[in-house]
Structure formats: C-alpha cells, structure tokens
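J.: Can you look at this prediction? I've put the sequence above it.
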Amino acid sequence: MTKILMLTPQVPYPPRQGTALRNWGILRGLAAEHEISLLSFAGPDQPLEPPPEIAALVQRVAIVPQPRRTTPARLRDLLTSRRPDLILRLKSAPFQAQLQSWLAAQPFDWLLVEGLELTLYLDALRSREHPPRVAFDDHNCEYLLQQRAFTTDLRRPRRWIGAAYSLVQWRRLRRYEAALCRRADLVVAVSGADAAALRAIAPQVEPLVIPNGIAVAEYAAFAEQESLAQPAFVFTGTMDFRPNVDGVLWFADKVWPRIRGALPQAHFYIVGRRPHPRLASLRDAPGIVLTGAVPDTRPYINAAVVYVVPLWVGGGTRLKILEAAALGRAIVSTSLGAEGFPDAGGALVLADDPAAFAAACIRLAQAPAARAALAERARAFVAAYDWDNLLPTLVEKLQAT
C-alpha cells in the first residue's frame, strides 16, 4: 500500500469552502486505497484536535496553528526576499519541525502538497537520502491569477499601487511556479485552462487534470433552506479573497441597481467569512446583506432564486458553481467565472456586461419554468464532477512503484 504524506493549509473538515472541499474529497478518496498521513495547519477558527472524521481515515495526523504574519514582517519579506509573497504566508517553525520528524522516522512514497503556499516545505527534502516523490496539486495557477489582477488594476488609476504589487508578484510567481513544476514528479491542475497555462511556463511538464469535485449525492439530498427575503440573489465565498471582493463590488456597482430597479424587493446576500474592509460600504446599500461567517453555506444557496458568479479575476474550476449546480440552482456567471467548465453548455447562463448580467438575473427571477429547466441541466452537468468519477486516475498515479 502506498504511503502518502499529505500537507494542507487548513484542516479539510468540515468541507465548507473551496480549499477544504477539494482537500477533503482527495483525502477521503485516496484513503480508501492508500495509507495517508496528514500534516495540516489549523485556520484561526479551527481546533487543534483532529476531527473524528479525519482521524478515522488516516494513519497519523498532526495539526499546527497557522502562523500570524504581521504587516511589518510582510513588508520586510517583500523587500528582502525574491520569493513570491504567497510562499511565505505559512512559514512556521513548528510545522517544519513536525515534517522533519515524520520524514526522519519513516519512509513515505509520496509527499502530496496541496497548494503553492506549502511548497516552501519542499526544502525539508534536500537533506533526505531517500526523499519521497513529490506530487504538487496546484489549486490555482497563481501566476495567471496575478497577471489578471495586474491587467484589471492597470485600467483603474486608483488601483495602480495594487497593479504594481501584482506585476512584481506575477513575475516572481511565473519563475517560481515554473521551477516548481519542473521539480515535482507529478503536477496536478484543476482545469484544462490551468494545465495549458502551466505548460506555457514549463513546456516539459504534462499536468494531470483533476477538476474540483464534490459528493454529488450528498448535495442532492440536502434540503435545509435559510429564510431569506425574496427574490434572493446569493454569492458565497471567502470574502477577503481578492477575486471574490472585486467580483462582488462589480456586481453591487454595475449590476445590482438594474436588478433592484426591476425587482424592488430583491435582496443580494454575500455569504462568507472575513468580509474585507473594501466591502464595508455595501452594508448601507439597499437590499444588500453581508452575512459574515456561517456554519454552512448550503442553506443560503438552497434559498437563492439565482446564484451569481460575477468574477473577473482567477481561474480553475469554481467549486461554488459545482455546489450551486448540485443543489439545483439557476446560475448566472461571467465567462471567466465559469472558465474551468467548457462542458457546462446550457447548465448556466453566461453574461459579461452589466446589462446582460442583470437581464439574465431578472428573467430567471421572473420565470419559474426557465429556472427549473436550467436547474435540471445543472444537475445533469455536475454528475461528471462527482469525486467517484474524478479520483481513480489520481489514485492510480500515486501507486507505489
């Protein structure tokens, strides 16, 4: 049986947001065939005691608090290090020590690194005589994300400081991500578009595409619904994440007044933890509600007349789209928001200018039959993204040889 040491940036249970959803699906799927050890950081709201759901699946588990990175320390690193800012976010001596201890105590066949910010710890392999092979799961093609952020900010003079930051990070990430892909024994990408972007900077690498997935049956059976003012338009996501912040602000500024003009009772629910200060002005906007952290986003999605994905930065396969589709919601997205799903077809509505986005939302809110038909196509589309269909290739790739 293959022995895999898996590194995650936060405890992957409960699986209630993007990174945890992917990591939990992969952990659960691999544990059925391989021996898994899990070394994870705990987010600020997560206990250090392993959840029983994880303990039941793994051979061993250790959880370390996420480090607190002060603003002065970050500024110092930006000026003195050539590494990308993201790479130093989770620098932790206790995590490093635990990793070194496990590597010294027993052999592992694979080190599975979930996300670019954990690749800092690959340095621990340099002193090992027989290091494990490295599988790098690139949750986002990070250099591409910063490139798109730079292009977006460059068009707005008030965001030129942000554009300068993104330009520097884009160049650093491009160099770092290319070197990392060449170093890894297996590179995993979450979409064909991300795989192509990685090949563009590391032509000798052929990433294995394992899209984001969910347990479709568990979502289909979920019936709980939050009591929301109707018609309710819902967005979910971590709300200090730059693409989510920019997308929600664009929707609130360019799209929401058109919807509210046609549907005066409409409400827009922004559901997610850690709302960024840039969103503070939305608290006074008519019909807009910022919920902050909630125990489970699914009751909010279930209550949506339309689920919106107004994203202009980022990439990959959006787990939020999979969740909304599995819950049978009508979805309106930008083309970039749905970029990772070239097979989505008629499962959602794509709109890339404010008038078209608003018109699609209004039409669906007023047409129950059209919503139901779109929801049915969404359920059919999402079946291909069940973890049972996605993981066999990865399970086979990680077999010990």
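T.: On my side now, so go ahead.
J.: show me where the stretch 101-250 of the chain has strands.
T.: Applying DSSP state E, counting those that start in this stretch to the stretch 101-250 of the chain gives strands spanning 110-114, 133-138, 186-189, 208-209, 232-236.
J.: which secondary element of this protein has the worst mean pLDDT?
T.: When the helices and strands of the chain are scored by mean pLDDT, DSSP states H and E, helix 71-80 comes last with a mean of 81.
J.: Report the distance from that one to the chain centre.
T.: Distance, stretch centre to chain centre, for helix 71-80: 26 Å (Cα atoms, centre = their mean, to the nearest Å).
J.: In that helix, which residues are buried?
T.: D77 (16 or more other Cβ atoms under 10 Å). Every C-beta, even on glycine, is put in place using the N, C-alpha and C of the backbone.
J.: Output the strands of the stretch 101-250 of the chain as CSV; include the columns distance to P50, mean neighbour count and mean pLDDT.
T.: Formatted as CSV, the strands of the stretch 101-250 of the chain follow (distance: least, Cβ to Cβ, whole Å; neighbours: other Cβ atoms under 10 Å; pLDDT from 0 to 100):
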stretch, distance to P50, mean neighbour count, mean pLDDT
strand 110-114, 16, 25, 97
strand 133-138, 21, 22, 96
strand 186-189, 24, 24, 96
strand 208-209, 28, 16, 96
strand 232-236, 26, 26, 97
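J.: Can you list the low-confidence ranges for the stretch 251-400 of the chain?
T.: Scanning the stretch 251-400 of the chain for pLDDT under 70 picks out the ranges 314-317, 400.
J.: can you give me the helices in it?
T.: Counting by DSSP state H, counting those that start in this stretch, the stretch 251-400 of the chain has helices at residues 256-262, 298-302, 319-326, 354-366, 368-382, 387-390, 392-397.
J.: what's the model's confidence in the longest strand anywhere in the chain, averaged?
T.: Across the chain, the longest stretch assigned as strand under DSSP state E is strand 35-42. Taken as a whole, strand 35-42 has an average pLDDT of 97.
J.: still on that earlier bit, can you list the strands of the stretch 101-250 of the chain in JSON lines and add distance to A32?
T.: As requested, those are arranged in JSON lines below (distance: least, Cβ to Cβ, whole Å):
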{"stretch": "strand 110-114", "distance to A32": "15"}
{"stretch": "strand 133-138", "distance to A32": "17"}
{"stretch": "strand 186-189", "distance to A32": "18"}
{"stretch": "strand 208-209", "distance to A32": "19"}
{"stretch": "strand 232-236", "distance to A32": "29"}
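J.: Looking at those, spot the one closest to A383.
T.: Closest approach to A383 among the strands of the stretch 101-250 of the chain (Cβ to Cβ): strand 208-209, 17.9 Å.
J.: now what about the closest one, what contacts it?
T.: Identification of contacts with strand 208-209 by Cβ atoms under 8 Å, 6 or more residues apart in numbering yields 186-192, 194-195, 393-394, 397.
J.: now do stretch 321-328
T.: Counting by Cβ under 8 Å, 6+ apart, 21, 212-214, 216, 219-220, 222, 236, 297-298, 301-302, 304, 307, 309, 331, 333, 337-338, 341, 344, 347-348, 375-376, 378-379, 381-382, 385 sit against stretch 321-328.
J.: Would you mind checking the residues you listed for buried ones?
T.: 21, 212-214, 216, 219, 222, 236, 297-298, 301-302, 304, 307, 309, 331, 333, 337-338, 341, 344, 347-348, 375, 378-379, 381-382, 385.
J.: what's the residue of the chain most remote from its centre in contact with, if anything?
T.: Relative to the C-alpha centroid of the chain, counting by Cα atoms, centre = their mean, E129 is the outermost residue, at 34.7 Å. The neighbourhood of E129, defined by Cβ under 8 Å, 6+ apart, contains no residues.
J.: On the three-state scheme, the spatially closest residue to A55 that is not a sequence neighbour is what?
T.: Of all residues not flanking A55 in the chain, V61 sits nearest, at 6.2 Å (Cβ to Cβ, 6 or more residues apart in numbering). Secondary structure assignment for V61 (DSSP: H, G, I helix; E, B strand; the rest coil): strand.
J.: Please tell me how far V61 sits from A20.
T.: Per Cβ to Cβ, to the nearest Å, V61 is found 15 Å from A20.
J.: same deal with T393?
T.: Taking Cβ to Cβ, one finds T393 at 22 Å from A20.
J.: Those two: which is more packed in?
T.: A20 (21 against 13; other Cβ atoms under 10 Å).
J.: The more buried one - that's part of a helix, no?
T.: Yes: with the criterion set as three-state DSSP, the secondary structure at A20 is a helix.
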